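>>> fold the following and give me the result.
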Amino acid sequence: MAQGYLERVRLADGVTVEAHVTPDRGYRLALCRRGTPRVEFWSDGVVHRRRVGERTTAYEFRSIEQLRYDFERDAEDALGRD
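All right, here's what the predicted structure looks like:
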């Protein structure tokens, strides 16, 4: 995994979901609508952050499963508000 991993899915309704993992174990999960991030979870390998709308907070990383659950829940909530 010298280049890391990047997957981007663009949906017909203007929503993009992105998953990126860097070789140094950093990551970014993002849900964007028309290029504007609505939900993001990311880490530089040490510090974990969570952004929902305009609000950014620290994120307590516990497991991949919990990260996925939290991202999916926030993404569903964000799409429900649009």
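>>> the strands in this structure, which residues?
5-10, 15-21, 27-33, 36-43, 48-52, 55-58 (DSSP state E).
>>> which among the ones you listed is found nearest to residue 81?
Taking Cβ to Cβ, strand 36-43 is the member of those nearest to residue 81, at 8.6 Å. Every residue, glycine included, has its C-beta placed from N, CA and C.
>>> still on that earlier bit, any chance of the strands of the chain in JSON lines, with mean neighbour count too?
What follows is the strands of the chain, written out as JSON lines (neighbours: other Cβ atoms under 10 Å):
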{"stretch": "strand 5-10", "mean neighbour count": "10"}
{"stretch": "strand 15-21", "mean neighbour count": "16"}
{"stretch": "strand 27-33", "mean neighbour count": "19"}
{"stretch": "strand 36-43", "mean neighbour count": "18"}
{"stretch": "strand 48-52", "mean neighbour count": "17"}
{"stretch": "strand 55-58", "mean neighbour count": "10"}
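>>> what's the closest of the ones you listed to residue 64?
strand 27-33 (9.3 Å).
>>> run through who's touching that closest one.
14-21, 37-43, 67, 71, 74-75, 78-79, 82 (Cβ atoms under 8 Å, 6 or more residues apart in numbering).
>>> at 7 Å instead, please
Outside of strand 27-33, the residues within contact range by Cβ atoms under 7 Å, 6 or more residues apart in numbering are 14-21, 37-43, 71, 75, 78, 82.
>>> for residue 52, name its beta-bridge partners.
With DSSP bridges as the criterion, residue 52 is bridged to residue 39, residue 55.
>>> tell me who's in contact with it.
39, 74, 78.
>>> could you rerun that using 8 Å?
38, 39, 74, 77, 78.
>>> turn the residues you listed into a markdown table, including distance to residue 48 and pLDDT.
A markdown table is the format used below for the contacts of residue 52 (distance: Cβ to Cβ, whole Å; pLDDT from 0 to 100):
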| residue | distance to residue 48 | pLDDT |
| --- | --- | --- |
| 38 | 18 | 95 |
| 39 | 14 | 97 |
| 74 | 14 | 97 |
| 77 | 19 | 94 |
| 78 | 19 | 91 |
